[in-house]
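K.L.:
Sequence first, then the predicted structure, then my questions.
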Amino acid sequence: MNFIETRGNDGTRPEAISFSQAILAPMSSYGGIYSPESLPDLGSDFLERHVDADYKTLANSILTAFDVDIDQAVIDEALALYDHFDDPKNPAPVVRVKDDLFISELYHGPTRAFKDMALQPFGVVLSSLAQSRNEDYLIMAATSGDTGPAALETFKNRKNVRVVCLYPDGGTSDVQRLQMVTENAENLKVIGIHGDFDDAQSALKMLLGSDSFNSKLTEKNISLSAANSVNFGRIIFQLMYHIHSYLELVRQDAIKLGDKVYLNVPSGNFGNALGGYYAIKMGLPVEKILIASNENNVLTSLINDGVYDISDSSVIATTSPAMDILKSSNVERILFDLFGNERTKELMQQLDTDKCYKLVESELAELQKIFSADYCTDDEGKKYIQEAFKDGYLMDPHTATCFKTYETCRDKALKTIIYSTAEWTKFSPTIAEALTGEKGSGDREALKAIAEKAEIVIPDVINELFSKEIIQNTIIDKTEIEKEIMEFLA
Ligand SMILES: *Cc1c(COP(=O)(O)O)cnc(C)c1O
């Protein structure tokens with residue numbers, strides 16, 4: 001399987017690269033990203049052959065279909081990390097909530113958010129590649145909450161990889177911050193920034209583009225890679241749970257093999273949705289993918305009107321912060337797959353210069369064959385959390401946004417799989433407010449309030465955070481980041 005560039009080739013890079021190369025150096029010509037040249041066709045009997053397969057077996061078959069250039073021993077070690085999920089046989093359980101509504105719970109990993117589904121195995125793959133090539137890598141991440149803890153967790157104490165994670169001090173939940181600042185490993189550095197997530201992100205972008213910073217890294221023989229979902233190494237592990245969830249419905253006798261379903265995804269950077277899109281192209285029977293957003297509803301406008309316009313928007317802080325995104329990176333891979341590299345380059349350059357692009361009618365029609373979209377306000381989300389709780393299901397505010405698309409975007413009475421991307425423990429103040437009406441509590445009080453109301457226990461991994469020693473106590477101005485990183489690398 002080869003990977004090619006979404007904005008075409010500038011002549012300074014190879015025309016096509018392998019999976020391992022795309023993982024190690026994910027940035028490509030003209031600011032584009034790598035995408036598969038073609039997708040494997042799983043064939044008509046793939047689903048049938050895997051009806052009784054456990055998650056790791058299914059995952060392994062998909063990696064084999066992609067013909068990835070990774071040693072089988074490394075793949076086995078990577079997939080073995082699913083053994084640390086709540087149920088090793090079924091890391092992503094699918095729960096029936098009502099007649100035709102199922103929730104695929106992607107948060108049963110070590111940091112209690114869906115980022116673990118892909119980052120856990122990805123950490124092993126990247127570190128093994130770096131070791132086998134005798135190279136050292138630096139992963140830098142700016143996080144508003146979930147990516148940071150999951151990236152730190154997967155890379156901690158792994159060889160040949162160091163991680164620097166920037167977070168906005170005061171801009172994450174207590175649980176998310178504690179998950180990061182209590183991490184104790186020599187290859188990890190967590191830095192709090194005075195400012196908001198945009199400040200952290202723009203500081204990171206400036207560093208990545210700085211010649212002096214890059215040459216300092218080169219002097220030290222350190223290469224940069226990325227752990228966000230522009231890295232295809234994450235996307236490949238996100239295809240799998242869509243196919244797994246479909247097969248779960250078959251196993252639960254909710255559908256027969258070949259029946260179509262809706263996939264319903266709470267979307268930010270579009271990695272989760274892209275995984276679903278690729279699964280369809282590889283043969284998964286899906287009617288449509290329903291894209292749920294919060295009030296940062298750029299994806300809703302793109303899919304409903306063909307317009308991607310961020311010219312006079314700034315990010316709105318919502319109760320589903322992991323979806324507070326204006327530039328949704330993986331949309332580019334959809335544009336590339338549907339319209340080719342020249343058109344993708346044109347559209348993405350318009351977005352850079354005019355902060356806006358518009359699809360022509362035929363392009364919009366293509367997009368709407370696969371996707372439908374709507375957005376959910378914080379108040380609506382709160383109402384959905386309350387209603388689901390009355391029906392006996394406790395969910396987080398990101399998952400809640402999907403109940404809006406479930407209501408407004410389905411033309412057919414088909415079974416629907418909503419993806420739940422975070423455990424209730426990660427966003428407890430919002431949920432506590434929805435359930436008890438009491439506002440403004442910190443995570444600790446909120447967790448207790450929910451546990452009492454729902455008669456459940458707070459998981460140990462969350463409870464223990466509040467008494468763990470704080471290891472990472474660097475909080476600085478963004479002007480000091482480079483100096484801090486160089487000291488860490490020294
Ligand atoms: C990352 C994240 C999302 C958004 O997923 P994308 O793949 O970026 O679209 C949604 N919910 C939660 C809780 C997340 O952490």
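P.N.:
That came through fine.

K.L.:
So stretch 27-44, near the ligand or not?
P.N.:
No. Stretch 27-44 stays clear of the ligand (Cβ under 6 Å from any ligand atom), getting no nearer than 14.0 Å. Any C-beta I mention is one placed from the backbone N, CA and C, and that applies to glycine too.

K.L.:
distance between the ends of that stretch?
P.N.:
With Cα to Cα, to the nearest Å as the measure, the first residue of stretch 27-44 is 35 Å from its last.

K.L.:
Buried residues in that stretch, which are they?
P.N.:
Buried positions in stretch 27-44, judged by neighbour count with 16 or more other Cβ atoms under 10 Å: 27-29, 32-36, 39-40, 42.

K.L.:
Save the residues you listed as TSV, and put in distance to Gly306 too.
P.N.:
Shown next, in TSV, are the buried residues of stretch 27-44 (distance: Cβ to Cβ, whole Å):
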residue	distance to Gly306
Met27	28
Ser28	26
Ser29	26
Gly32	21
Ile33	22
Tyr34	26
Ser35	21
Pro36	25
Leu39	24
Pro40	30
Leu42	31
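
K.L.:
Report the beta-bridge partners for Phe371.
P.N.:
As for beta bridges, Phe371 partners with Ile289 under DSSP bridges.

K.L.:
is it true that it touches Ala292?
P.N.:
No. Under the criterion of Cβ atoms under 8 Å, Phe371 makes no contact with Ala292, lying 11.1 Å away.

K.L.:
out of the buried residues of stretch 27-44, who's nearest the ligand?
P.N.:
Nearest to the ligand among the buried residues of stretch 27-44 is Ile33, at 14.0 Å by Cβ to the nearest ligand atom.

K.L.:
Next, count neighbours for the residue in the stretch 101-250 of the chain positioned nearest to the ligand.
P.N.:
Relative to the ligand, the nearest point of the stretch 101-250 of the chain is Asp146 (3.4 Å; Cβ to the nearest ligand atom). Per other Cβ atoms under 10 Å, the neighbour tally for Asp146 reads 28.

K.L.:
And Asp411, by the same measure?
P.N.:
9.

K.L.:
Would you mind listing what in the stretch 1-150 of the chain touches the ligand?
P.N.:
With Cβ under 6 Å from any ligand atom as the criterion, the stretch 1-150 of the chain meets the ligand at residues 113-115, 146.

K.L.:
Tell me the one of the residues you listed nearest Asn341?
P.N.:
Closest approach to Asn341 among these (Cβ to Cβ): Lys115, at 28.8 Å.

K.L.:
And the pLDDT for that closest one?
P.N.:
On pLDDT, Lys115 comes in at 96.

K.L.:
what's the closest non-adjacent residue to it?
P.N.:
Ala150 (3.6 Å; Cβ to Cβ, 6 or more residues apart in numbering).

K.L.:
which other helices and strands contact the lowest-mean-pLDDT helix or strand in the chain?
P.N.:
One helix or strand of the chain scores below all others by mean pLDDT, DSSP states H and E: helix 197-208, with a mean of 83. With contacts taken as 3 or more Cβ pairs under 8 Å, 6 or more residues apart in numbering; DSSP states H and E, helix 197-208 sits against strand 136-142, strand 161-168, strand 188-193, helix 481-489.

K.L.:
one step back: in TSV, list the residues of the stretch 1-150 of the chain next to the ligand along with secondary structure and distance to Thr154.
P.N.:
As requested, these are arranged in TSV below (DSSP: H, G, I helix; E, B strand; the rest coil; distance: Cβ to Cβ, whole Å):
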residue	secondary structure	distance to Thr154
Ala113	strand	12
Phe114	coil	13
Lys115	helix	9
Asp146	coil	13
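
K.L.:
Quick check: the farthest pair among these?
P.N.:
That would be Phe114 and Asp146, which, of these, are the farthest apart (Cβ to Cβ) at 7.8 Å.

K.L.:
Using CSV, write out the CA atom coordinates for stretch 177-187.
P.N.:
This file holds the C-alpha atoms of stretch 177-187, laid out as CSV (Å, rounded to 0.1, in the frame of the first residue of the first chain):
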residue,chain,number,x,y,z
ARG,A,177,-4.8,18.3,33.6
LEU,A,178,-4.0,15.8,36.3
GLN,A,179,-3.7,13.0,33.8
MET,A,180,-0.9,15.0,32.2
VAL,A,181,0.9,16.6,35.1
THR,A,182,1.1,13.4,37.1
GLU,A,183,2.9,11.5,34.3
ASN,A,184,6.3,10.5,35.5
ALA,A,185,8.7,9.4,32.7
GLU,A,186,12.0,10.8,31.5
ASN,A,187,10.9,11.0,27.9
